[in-house]
Each structure stands twice: as structure tokens, then as C-alpha cells.
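Novice: output the structure for:
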Amino acid sequence: MGSVTTELEKEVGEGKILMLSVGSGIYRNATQEVLDFSKKFEKTCYVTLNDPYDIIKGKLGEDVSRVCFIDAVSSTVKTPASDPNAIFVSSPRALTEISIAVKKSITDFKMNFLIFDSVSALLVYEKSVSAMKFIHNMILTLRQGKVTTVFVILKEDVSEEMMKDLSMFVDKIVEIAA
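Specialist: Residues are numbered from 1 along each chain as shown. So this is what the prediction gives:
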């Protein structure tokens, strides 16, 4: 178990689906490393169920024309300002909207890397069975589009049984020590 970047460099390949399991103490640093790692890809989609897209956009510190954001939190607080690089979903519970937005980013934006932040946030809004079905369907869509993907999850938020189930869907679970 090394740094996020080191582990991603070892494991990432075209169309590969990874589950990045991190401790809560390093979550913010880990997601920043994944965001920095995304610069290796031509087009990135960042699905956020945690932070408003403008906060994540600010962390990029560069031209963000290569990044599409699917923001499921801003609309729950205020009407977000229009942005050509952002798709606003009504809430983190709007799984169908999120799925449609991901499909749109594959076809219209031609993204080849997706960051899903985070499975833990999804579990706040959905029961584990619904979350698992959603993740499985999302993975099928991403595999069909050959999109390299990193799902982020806090290791404290998931049971051993759920992690075992998730391991059936992804190519690899990458654990990062706190």
C-alpha cells in the first residue's frame, strides 16, 4: 500500500474500473491525488455527491475544458449558475439523472476517465442494495464506453460483506493506508 498516485499508476489501464478504499483521515488528500492523476487523461468526468463542483473546479488550478462535472449536491442548496462543463443533477438520490448524465458525458463529452466521489456519500442517501444495483449498472455503462474509472469509498463506511460484493463488479480494490 503506497500513495494514491503510485497505486493508480500501477493499476490503471484503459477501461479498467477501480475501487479506491481510503481511510477518512486521508480522504481529502486522496481525492486531490486522484484529481491530479486525471490530468494524464484527455477528458475526465468528475461525479460529485460530496462537494459542489465549483470547489472541485478550484482545486484543478488550470483550464478545466478537459473536465466535465456531474454535480449532485449544488442543486440541493441553491440554483447553480450555468456552466458548459457542468451537469447539475437535482440531488444525490436522483440515480436515474446521474446515470443519464454519465451516459451523456461519455457520448457528448467523449470522456475517457471518470472519478466517482463517493460511494460513501451514495450510501448516506441510498440503502446498500439500491446503491449496489446503481453501481453495477454504472459499471456496465462505463465498461461499454471503455472509460477508466475510480470509485472512491471510505473504508470505515462499508462492511466486509459489501466490499466483497463490490469486488465482483470492479477490476481491483485498491486500499490506501491512513
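Novice: contacts and neighbour counts: CA atoms only from here.
Specialist: Will do.
Novice: from the contact counts, what lies against the helix or strand of the chain with the lowest mean pLDDT?
Specialist: Least confident helix or strand, the chain: helix 53-60 with a mean of 86, by mean pLDDT, DSSP states H and E. If you count contacts as 3 or more Cα pairs under 8 Å, 6 or more residues apart in numbering; DSSP states H and E, helix 53-60 packs onto helix 27-37, strand 67-71.
Novice: pull out the buried residues from it.
Specialist: Buried residues in helix 53-60, defined by neighbour count with 16 or more other Cα atoms under 10 Å: Y53, I56, K57.
Novice: and the spatially most central residue of the chain, bridged to which residues?
Specialist: For the chain, the residue whose C-alpha lies nearest the mean C-alpha position (Cα atoms, centre = their mean) is F116; its distance is 0.8 Å. When bridges are assigned using DSSP bridges, the partners listed for F116 are V47, F151.
Novice: buried residues in the helix or strand that contains I100?
Specialist: I100 is part of helix 95-107, with elements assigned from DSSP states H and E. Of the residues in helix 95-107, those buried by neighbour count under the rule 16+ other Cα under 10 Å are L95, E97, I98, S99, A101, V102, K103, S105, I106.
Novice: report pLDDT for the third one.
Specialist: The one in question is I98. I98 is assigned a predicted lDDT (pLDDT) of 98.
Novice: got the contact list for the longest helix that the chain contains?
Specialist: With DSSP state H setting the assignment, residue counts place helix 128-144 as the longest helix in the chain. Identification of contacts with helix 128-144 by Cα atoms under 8 Å, 6 or more residues apart in numbering yields 15-17, 95, 99, 103, 122-123, 148-149, 162, 166, 169-170.
Novice: what is the nearest of the buried residues of helix 95-107 to R66?
Specialist: For R66, the nearest member of the buried residues of helix 95-107 is S105. The distance, counting by Cα to Cα, is 11.5 Å.
Novice: residues contacting the closest one?
Specialist: By Cα under 8 Å, 6+ apart, the contact set of S105 is C45, C68, M111.
Novice: any idea how far the first one is from E160?
Specialist: Pointing back at C45 there. Distance from C45 to E160, counting by Cα to Cα, to the nearest Å: 29 Å.
Novice: ok, the two, which is more surrounded?
Specialist: With other Cα atoms under 10 Å as the criterion, C45 and E160 differ in neighbour count, and C45 comes out ahead with 26 against 11.
Novice: off-centre distance for the helix or strand harbouring the more buried one?
Specialist: In this structure, C45 sits in strand 44-48 according to DSSP H and E. Strand 44-48 has its C-alpha centroid displaced from the chain centroid by 6 Å (Cα atoms, centre = their mean, to the nearest Å).
Novice: report the beta-bridge partners for F69.
Specialist: For F69, the beta-bridge partners are Y46, A86 (DSSP bridges).
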